[in-house]
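Undergrad: Turn this into a structure:
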Amino acid sequence: MSRIGKHPVEIPAGVTVVLDNRVLTGKGKNGEFEFKVHESVTTEIVDGKIVFKPCDDSKEARAMWGTCRSIVSKAVQGLSTLFVKKVNLVGVGYKASVRGENLVMQLGYSHDIVLEIPKGIKIVCESPTLIAVSGADKQRVGEIIKRIQKFRAPEPYKGKGVILGGQFVYRKEGKKK
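TA: Numbering: from 1, shown residues only. Here you go, the predicted model:
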């Protein structure tokens, strides 16, 4: 079992975190977050650090101990630095552009795919085939990336599709005659 909950979460400069009746609220230059801590975990702020402890020795309490710590850690980190992930569009004629509050992609279908950019997320097309998604919430950034990837998942025979930065697509050999 992981012991990630033992490590306190450091509060960086420029970020304020307040604990009020099991609800952690934080504010920083990139936005704000609110997280309700599970009942089986106690939380306190000591010397600029957030400390988590399980209430008892049950399996649920120990599991939620590490989960709460991880979620709050990423939320606090996102308030000071943005999370950035990149997506490559691989395929003939695949391209994307940002028009107003929408991401418009051409992925080989007969129509353009229009995805509305949610609040708190910033999407920039660095080139026609490279999209950079950034935001303060790591989970929301990942959800947007997966929603983009769902339109044209990477396929193993030609290597085409929406591919995450750093992702390796295993290539398969085609049918033999």
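
Undergrad: Could you use CA atoms for every contact and neighbour count after this?
TA: Will do.

Undergrad: who's in contact with the residue nearest in space to the middle of the chain?
TA: With distances taken as Cα atoms, centre = their mean, the residue of the chain nearest its centroid is K138 (2.6 Å). For K138, the contacting residues are K74, A75, G78, F83, by Cα atoms under 8 Å, 6 or more residues apart in numbering.

Undergrad: The first one belongs to a strand?
TA: Okay, so that is K74. No: using DSSP: H, G, I helix; E, B strand; the rest coil, the secondary structure at K74 is helix, not a strand.

Undergrad: burial measure for it, as a count.
TA: Counted with other Cα atoms under 10 Å, residues neighbouring K74 total 16.

Undergrad: Domain boundaries for this structure, per the record?
TA: Domain assignment of the chain by automatic domain parsing yields the ranges 4-80, 83-164.

Undergrad: Okay, now the unreliable bits of the protein?
TA: Within the chain, the ranges that satisfy pLDDT under 70 run 1-2.

Undergrad: related to what we said a few turns ago, kindly present the contacts of K138 as a markdown table, with separate columns for distance to K146.
TA: Listed next are these as a markdown table, based on distance: Cα to Cα, whole Å:
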| residue | distance to K146 |
| --- | --- |
| K74 | 19 |
| A75 | 20 |
| G78 | 19 |
| F83 | 15 |
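
Undergrad: hang on, the earlier thing: mind checking how far the residue nearest to the centre of the chain is from I145?
TA: Between K138 and I145 the computed distance is 11 Å (Cα to Cα, to the nearest Å).

Undergrad: can I get the domains of the chain in CSV with distance to K175?
TA: Output for the domains of the chain, formatted as CSV (distance: least, Cα to Cα, whole Å):
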stretch, distance to K175
domain 4-80, 45
domain 83-164, 10
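
Undergrad: Out of the ones you listed, which is closest to K176?
TA: domain 83-164 (13.0 Å; Cα to Cα).

Undergrad: Next, the distance between the ends of that closest one.
TA: Span of domain 83-164 from end to end, Cα to Cα: 14 Å.

Undergrad: Check stretch 74-90 too.
TA: The first residue of stretch 74-90 is 30 Å away from its last residue (Cα to Cα).

Undergrad: Give the buried residues for that stretch.
TA: 74-80, 82-83, 85-90 (16 or more other Cα atoms under 10 Å).

Undergrad: how about the strands in the chain?
TA: For the chain, the strands defined by DSSP state E cover 9-10, 16-20, 23-28, 31-36, 41-46, 49-54, 83-90, 95-99, 102-106, 113-116, 121-127, 130-135, 161-164.
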